[in-house]
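S.K.: fold the following for me, if possible:
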Amino acid sequence: MWVLQIPQIVRHAPSQSHLCYNSHVSSRVPVSFVSLNPSANLMNDIKGNNNQLIQSLCKGGNLKQAIHLLCCEPNPTQRTFEHLICSCAQQNSLSDGLDVHRRLVSSGFDQDPFLATKLINMYYELGSIDRARKVFDETRERTIYVWNALFRALAMVGCGKELLDLYVQMNWIGIPSDRFTYTFVLKACVVSELSVSPLQKGKEIHAHILRHGYEANIHVMTTLLDVYAKFGSVSYANSVFCAMPTKNFVSWSAMIACFAKNEMPMKALELFQLMMLEAHDSVPNSVTMVNVLQACAGLAALEQGKLIHGYILRRGLDSILPVLNALITMYGRCGEILMGQRVFDNMKNRDVVSWNSLISIYGMHGFGKKAIQIFENMIHQGSSPSYISFITVLGACSHAGLVEEGKILFESMLSKYRIHPGMEHYACMVDLLGRANRLDEAIKLIEDMHFEPGPTVWGSLLGSCRIHCNVELAERASTLLFELEPRNAGNYVLLADIYAEAKMWSEAKSVMKLLEARGLQKLPGCSWIEVKRKVYSFVSVDEHNPQIEEIHALLVKLSNEMKAQGYVPQTNVVLYDLDEEEKERIVLGHSEKLAVAFGLINTVKGETIRIRKNLRLCEDCHAVTKFISKFANREILVRDVNRFHHFKDGVCSCGDYW
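M.R.: Purely as a prediction, here's the structure:
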């Protein structure tokens, strides 16, 4: 007979000889065997049931007791080892995992491909990738599940190149891939450091997928879409998405995220609206909402953002931290700081990302001292600042010209918070010093860096040279930038701007010729404005808007009135040596001016005009928008690539410091 007892109660058999386990087994094992008339058949029944007991103990979380009982079981089964291996992973016990593995080998299960798969998964979960590799290497019969287990482990720890090399071996010996294989191999393209382009490797995997008939598998194609999105190949990602015969909320969300993160927020919003109309079975989740809110923030589309906020409340997603953090950022980037603050104040739980979001929105609006105060409040309330926290607060200091405060915060990173300043922090400090025309200090900071300065650092210096028209330093910075990122057209344009400001027309022309010779194009200026919950885009000298003639007429009228009051067009922003009349015509057609005029025509009196610009606001547009805000008695909010500008009564919140 055998009896299962309550774990805390253990009764010993009257005779040690009748026990099937050794005397060293802990008395806490919740099992006792009482032999009334022992026989060989009874002993076999007892031995057979030990496997069930071990499995039951594993299910109940009693791993130690299960391992103790394993010691007296001469014939443990595959199922028993499966439970033990999974239990070791769940309880995060590497030592117990090693014990179970040793017993598995001694029991003759070392070549069981099913258990090899479980062991590889266990060692990955326990952070021992080398032991996972060893299990794989020692397994002679490798099924697709064994390969996939190691692929998964390698993908998760970032060993993409090793995974891709093994994938080549697997194909060579003729093991057919399944959907899990393709998913892990595609993820390897993102985390690998290859001599060839990882994007090119992704395209090769795409070809494998098509050849083997997996183009209809929603999981594989969604992962492929995500890979193209991460490499900025929006057209490829969109082609994959459009070709998918069925889509779920994950695939819709992935494509929305692709547009949102690759500077195509309008496309992201349009796709979300299409999803809500067509994908009746695909309910947006919190990840979708975060991506859509990012798109609203990218366009400064406040009304759209409010609609999304309402949907979030109705769906009960307002308790999810990433969603709330995205709401704070969205309101801030749409110019509604108080709404962002309200979302923050109503949060029951906050993490460091919540604080960073709030610091960021005050910083981009030029409220540097308020941003520093929030940073200090975060620390007083027990949240430790992160690497990103210092990027946001140093950026806030830069926009507000708080040089000394920024220097103190920068010094405190290592001395007080044990955070080593990275490239982004040095770039913020160079920007802070450069904007304040302390270029000598900025150069010294660069020279004292403990690692080689990257393009973000030299780019910050070049931007400061643009503000203060420092040709000598600009040439030094741009020479290095042309080597570090030869395909970045913005660096060439910045240098040409500086030459044009200094009236060095031949040098400006040479830079633009170099730009063309390298097959690069200047990023066209583009502005977005939301009117009646619809977002409109404008590019410089836009001729496609049906109201373009009315817009031009209004701008010419405003320009003449401004000239009568002393306004002089700042045509130095034009990079070509043209006559003044032609330069005036060009600056009058800048996208932000078109968007402002469109807003004046299509909104009611007193309504705030909100505009998003993809480049830095030029000096002429800044001066014109100040005048319009006073002339039309309108508040105009313009967010350029650097910061927010609040225009009201002829004054800008940046204090002409941007």
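S.K.: what separation is there between S464 and H450?
M.R.: Per Cβ to Cβ, to the nearest Å, S464 is found 22 Å from H450. Just so you know, the C-beta spots here come from the backbone N, C-alpha and C atoms, and that holds for glycine as well.
S.K.: kindly report the same for F114.
M.R.: 51 Å.
S.K.: okay, now the closest residue to C652 other than its chain neighbours: neighbour count?
M.R.: In space, and not counting its chain neighbours, C652 is closest to H645: 5.2 Å by Cβ to Cβ, 6 or more residues apart in numbering. H645: 27 surrounding residues under other Cβ atoms under 10 Å.
S.K.: helix, strand, or coil at H645?
M.R.: Secondary structure for H645, judged by DSSP: H, G, I helix; E, B strand; the rest coil, is strand.
S.K.: contacting residues for it?
M.R.: Each residue near H645 by Cβ atoms under 8 Å, 6 or more residues apart in numbering is listed here: 617, 622, 625, 637-639, 652-654, 658.
S.K.: hmm, who's touching whichever helix or strand S398 is part of?
M.R.: If you go by DSSP states H and E, S398 is part of helix 387-400. Contacts to helix 387-400, defined as Cβ under 8 Å, 6+ apart, come from residues 352-353, 355-356, 359-360, 362-364, 366-369, 371-372, 375, 378, 385, 402-403, 405-406, 409-410, 413, 419, 421-422, 424-425, 428-429, 431-432, 435, 642-643, 654, 658.
S.K.: the nearest residue to H212 once chain neighbours are set aside: neighbour count?
M.R.: Distances taken as Cβ to Cβ, 6+ apart place S177 nearest to H212, at 6.6 Å, with adjacent residues excluded. For S177, the count of nearby residues is 23 (other Cβ under 10 Å).
S.K.: ok, A301 next?
M.R.: 27.
S.K.: the nearest residue to it once chain neighbours are set aside in helix, strand or coil?
M.R.: Leaving aside its sequence neighbours, A301 sits nearest to E530 (Cβ to Cβ, 6+ apart; 4.6 Å). Counting by three-state DSSP, the backbone at E530 sits in strand.
S.K.: can you pull the contacts of E530?
M.R.: Neighbour list for E530: 299-304, 536, 610 [criterion: Cβ under 8 Å, 6+ apart].
S.K.: can you list the buried residues in stretch 330-342?
M.R.: 330-337, 339-341 (16 or more other Cβ atoms under 10 Å).
S.K.: ugh, wrong one, stretch 597-605
M.R.: Buried, per 16+ other Cβ under 10 Å, within stretch 597-605: 597-600, 602-603.
S.K.: for this protein, where's the lowest mean pLDDT among helices and strands?
M.R.: Among the helices and strands of the chain, strand 31-33 carries the lowest confidence by mean pLDDT, DSSP states H and E, at a mean of 35.
S.K.: and the helices in the stretch 251-400 of the chain, which stretches?
M.R.: 265-278, 286-299, 302-315, 321-333, 337-345, 352-364, 368-380, 387-400 (DSSP state H, counting those that start in this stretch).
S.K.: return the list of helices and strands in contact with the first one.
M.R.: In this structure, helix 265-278 packs against helix 249-261, helix 286-299, strand 534-539, with contacts taken as 3 or more Cβ pairs under 8 Å, 6 or more residues apart in numbering; DSSP states H and E.
S.K.: of all these, which lies closest to R152?
M.R.: helix 249-261 (18.2 Å; Cβ to Cβ).
S.K.: show me the shaky parts of the stretch 551-658 of the chain.
M.R.: Residue ranges of the stretch 551-658 of the chain with pLDDT under 70: 575, 577.
S.K.: where do the helices sit along it?
M.R.: So, for the stretch 551-658 of the chain - with DSSP H, counting those that start in this stretch - the helices run 580-588, 591-602, 619-631.
S.K.: got the contact list for the closest residue to E303 other than its chain neighbours?
M.R.: Once flanking residues are discounted, E303 sits nearest to R533: 4.5 Å by Cβ to Cβ, 6+ apart. For R533, the contact set (Cβ under 8 Å, 6+ apart) comprises 303-304, 307.
S.K.: any chance of the buried residues of stretch 330-342 in TSV, plus pLDDT and distance to L70?
M.R.: Listed next are the buried residues of stretch 330-342 as TSV, based on pLDDT from 0 to 100; distance: Cβ to Cβ, whole Å:
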residue	pLDDT	distance to L70
M330	95	55
Y331	96	58
G332	94	58
R333	92	59
C334	92	62
G335	90	65
E336	93	63
I337	94	62
M339	96	60
G340	96	57
Q341	97	59
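S.K.: so which of these comes closest to E215?
M.R.: Among these, and counting by Cβ to Cβ, the member closest to E215 is M330, at 35.8 Å.
S.K.: can you tell me how far the closest one is from G459?
M.R.: Distance, M330 to G459, using Cβ to Cβ: 27 Å.
S.K.: just to revisit the earlier point, of F114 and H450, which one has the most company?
M.R.: With neighbours defined as other Cβ under 10 Å, F114 and H450 compare such that F114 has more, 15 against 7.
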